[in-house]
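1. Fold the following and give me the result.
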Amino acid sequence: REFHREVCGGVGPGSSSSAVGLKGCCRAMKLNALDFVIIGLSFVALFAVAIWTTWKRRKTEDTAEYFLSGRGMMWWAIGSSLFASNIGTEHFVGQAGSAAAAGLAVAWYEWGAIWLLLLLGWVFGPEYLARKLTTIPEWFEYRFNKWCRLVLAVVCMGAYIISKIAATLYAAGVMFEVVFNWNSWYSIPVILVITGAYTMGGGLSAVMYTDTIQMFIFFFGGLAGSITAFSIVGGYGGMTGALEDYGLNDFMIILRPVDDKQYAWTGLLIGATINSVWYWCIDQEMVQRVLSSRSVSHAKWGILMAGCLKLFSPFVIVFPGIIARVLYEKCIHGDGFPEWCGTDLGSDQGANNAYPYLINLSFPMGVRGVMVASMLAAMTSSLSSVFNSACTVFTVDIYLRFIHPEASDKRVILVGRLSTAVVTGLAIAWLPVIQGQKGQLYLITQAAMTHLSPSLCVVFVLGFFFKQINALGALIGLSVGTVMGVTQLILSLVWHQHCEDTSHGTKIGTPWWQCLHFNHFAIFLSFVVTVVTVGVSAATGGFSAAADEKKREARQKEIDQCEELSSPSEAQKEEILSPTKGEALSTPLLDTEGAYTQKSGCQGTTTERTSLLKKFLEQQPGTQYGTNQHKRLDGDPEDANEQKLTGEYDNTVELAGTQPPTREANTQSPLLATIDQKCFSNVWVQHAGAATLFFLVGIILIVWK
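-> Predicted structure coming up:
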């Protein structure tokens, strides 16, 4: 207290201060020339890429090129953008703050997300790419109807505004106030101008390429900061030893009792997973990166790359927050570090500033510049990603579908750019609400998302796996879940302070319904939406209609395959009758086909008909028709599925014995093509990578359970 009275104008743990907590010389970060050079170089690299991509696409009038980068993104850009879009300033400010307030449990939001990323790559992603979707709400119309698509689009827009954009802006404002002593209401317009310019100009390509640069900046910068933080407290052992000395034994525990106020194990493993399914597998911001991939293989490898990066993100963000709390505890217990006594990290509100304080008070020159550049890169990457996704959802799913279906591509792109500005303005209007919630910023944003996501997640999963769910059941389930979620969100905001006053330590306050933790509410809401959706579908004939539809599809498939196998196409006939093959081949073909058709009569099983045709093909090894058709029937199912999903081959051309060159084939060298064939496109290598990530997360959960 004496230190702060003399040096910082009387600011201490119990004093009145701004949201940041320190004034004057202790609030503004001291940066030297080296720091500014590092920050400047990082932004030069960022803007060079942004200007280049924006200039290349300044006159584009192709909506696929603007919103999905022409569906040609490679795995390294997909993985970098997935990670960079997820990690923003709200993580450095909010998630590190939650770690300073309550410990390691918040890291499960990072590690647990890896399982959901694998679910996206191996279950949902191939379906999205097969449908050639531009947005996820499109899938809801394909599966249900246009009104389900509209509900999802509106809810997504609301979630972007009340959680993602506003939280990022608020966290960025806190950072600017600590670093440069700028008021947040002055710094936010600067942030918006920087990110909005290249987002509106270059579309998704500009966003993803700049995300790649930003990912390298804040990931490796964050690792440098983490190493520096651990060195201050004597490594991992010094950190855990200090936590035990100061009575914070539960800080290194992830799974906590059911009645824990914030991190009950039921909420983390079930409720948070429900929200994460929406965020990683349904939310346009994340899935749009997968939709832009040039093939399923590139999507999977990009997801594996993002999953590997997620393994390290708690070491970059969460552990430094815990170390900041250790330094604060050392100060107030008289064990050194007197500059930390004024930070008040023991409160939820003060804990939000843990990482900026760590940079300001304990990091050396040079490292400060690296960390400021990292946080700025994380801020701009998150904002640009959500801006692009919000304008895509509004333009494609609302404007183009319901307002002006006949709009030209040029007009659609213009509307997309203008919608970015509107969404940003609405996000600024929501900022006072977030500032008024005196709690951990990261948990506030998670609460807002978790009240909206369960209904979307449940209806999507039911519709994806069960054909019995019909459009009416889905629409009513979405509507009921959204209304209940918004109502509970409002109640939790109104009763927030009362719940804090009536809580005891880590125990939840009363009344229990208004104070119910958002992860537990997600479980309850998911159950309600499941009952409503299934009940309405059953009551309106969805189950019987699904059974009839399944029979019709099976019969139609039999008919189509019968026609395909029993009647050679014109291209096949021309190939067989070509002069180079000789007239002699035409008679065996016609005789065999005639006998085959007469014998099967389209009555045999698919296996029987295929076997008959394969026998004939084996008798004609010299024809391209025989070779290609045989390969198509006997080829690896994964390869056939890959071709079907990516659209890289055209069946009619394949039957004629030719394959159009793919985009990859035109750009790869022979060496890269060999590597791609032997390793990159090998499905077993992909499966092995996914299994390794899956079990690594399980080991982490066991170690820090």
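2. Quick check, pLDDT for residue 484.
-> Reading off the per-residue confidence, residue 484 sits at a pLDDT of 92.
3. Which residue comes closest to it once chain neighbours are left out?
-> By the measure of CB to CB, 6 or more residues apart in numbering, the closest residue to residue 484 outside its immediate chain neighbours is residue 525, 5.9 Å from it. Quick note: C-beta positions are derived from backbone N, CA and C, even for glycine.
4. Just the CA atoms of the helix or strand harbouring that neighbour, as CSV, please.
-> When elements are defined using DSSP states H and E, residue 525 is found to belong to helix 518-539. Extracted in CSV, the C-alpha atoms of helix 518-539 (Å, rounded to 0.1, in the frame of the first residue of the first chain):
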residue,chain,number,x,y,z
PHE,A,518,-25.3,-21.5,-17.9
ASN,A,519,-23.7,-24.9,-18.5
HIS,A,520,-26.3,-26.7,-16.4
PHE,A,521,-29.0,-24.7,-18.1
ALA,A,522,-27.7,-25.9,-21.4
ILE,A,523,-28.3,-29.5,-20.3
PHE,A,524,-31.8,-28.7,-19.2
LEU,A,525,-32.6,-26.8,-22.3
SER,A,526,-31.2,-29.5,-24.5
PHE,A,527,-33.5,-32.1,-22.9
VAL,A,528,-36.6,-29.8,-23.3
VAL,A,529,-35.8,-29.2,-27.0
THR,A,530,-35.2,-32.9,-27.7
VAL,A,531,-38.6,-33.8,-26.2
VAL,A,532,-40.4,-31.0,-28.1
THR,A,533,-38.7,-31.8,-31.4
VAL,A,534,-39.2,-35.6,-31.2
GLY,A,535,-42.7,-35.3,-29.8
VAL,A,536,-43.9,-32.9,-32.5
SER,A,537,-42.3,-34.9,-35.3
ALA,A,538,-43.9,-38.1,-34.0
ALA,A,539,-47.3,-36.4,-33.6
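5. so what's the residue nearest the centre of the chain up against?
-> Of all residues in the chain, the one closest to the mean position by CA atoms, centre = their mean is residue 286, 3.1 Å from it. Residue 286 makes contacts with 82, 85, 86, 120, 279, 280, as judged by CB atoms under 8 Å, 6 or more residues apart in numbering.
6. if we can go back for a sec, what count of nearby residues applies to the residue nearest to residue 484?
-> Here the count is done by other CB atoms under 10 Å, and residue 525 has 27 residues near it.
7. The stretch 51-200 of the chain: helices as residue ranges?
-> Under the criterion DSSP state H, counting those that start in this stretch, the stretch 51-200 of the chain contains helices at 63-68, 75-86, 89-90, 96-102, 108-119, 125-131, 136-143, 146-159, 166-180, 184-233.
8. Kindly reformat those as a markdown table containing distance to residue 376 and mean neighbour count.
-> Output for the helices of the stretch 51-200 of the chain, formatted as a markdown table (distance: least, CB to CB, whole Å; neighbours: other CB atoms under 10 Å):
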| stretch | distance to residue 376 | mean neighbour count |
| --- | --- | --- |
| helix 63-68 | 26 | 22 |
| helix 75-86 | 13 | 26 |
| helix 89-90 | 8 | 30 |
| helix 96-102 | 16 | 30 |
| helix 108-119 | 21 | 22 |
| helix 125-131 | 31 | 18 |
| helix 136-143 | 30 | 22 |
| helix 146-159 | 25 | 22 |
| helix 166-180 | 8 | 25 |
| helix 184-233 | 8 | 21 |
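9. per-residue pLDDT, the residue lying closest to residue 38 once chain neighbours are set aside?
-> Leaving out its chain neighbours, the residue that sits closest to residue 38 by CB to CB, 6+ apart is residue 369, at 3.6 Å. Residue 369 carries a pLDDT value of 87.
10. do residue 672 as well
-> Residue 672 is assigned a predicted lDDT (pLDDT) of 57.
11. Identify the residues contacting residue 208.
-> With contact taken as CB under 8 Å, 6+ apart, residue 208 is in contact with 69, 73, 77, 78, 80, 81, 289, 292.
12. JSON lines for the residues you listed, including distance to residue 387 and pLDDT?
-> As requested, those are exported to JSON lines (distance: CB to CB, whole Å; pLDDT from 0 to 100):
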{"residue": "69", "distance to residue 387": "15", "pLDDT": "79"}
{"residue": "73", "distance to residue 387": "18", "pLDDT": "88"}
{"residue": "77", "distance to residue 387": "18", "pLDDT": "91"}
{"residue": "78", "distance to residue 387": "19", "pLDDT": "93"}
{"residue": "80", "distance to residue 387": "18", "pLDDT": "92"}
{"residue": "81", "distance to residue 387": "14", "pLDDT": "91"}
{"residue": "289", "distance to residue 387": "14", "pLDDT": "91"}
{"residue": "292", "distance to residue 387": "16", "pLDDT": "91"}
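13. Which of those sits closest to residue 683?
-> Minimum distance to residue 683 across these is 17.7 Å, recorded for residue 78 (CB to CB).
14. Report the contact partners of that closest one.
-> Residues in contact with residue 78 (CB under 8 Å, 6+ apart) are 208, 289, 290, 292, 293, 298, 299, 301, 302, 303, 305, 306.
15. Dump those residues to TSV, plus secondary structure and distance to residue 34.
-> Compiled in TSV, those are given as follows (DSSP: H, G, I helix; E, B strand; the rest coil; distance: CB to CB, whole Å):
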residue	secondary structure	distance to residue 34
208	helix	31
289	helix	35
290	helix	40
292	coil	38
293	strand	39
298	helix	39
299	helix	40
301	helix	37
302	helix	35
303	helix	37
305	helix	31
306	helix	32
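16. so residue 469 makes contact with residue 461?
-> No: the criterion here is CB atoms under 8 Å, and residue 469 misses it with residue 461 at 9.7 Å.
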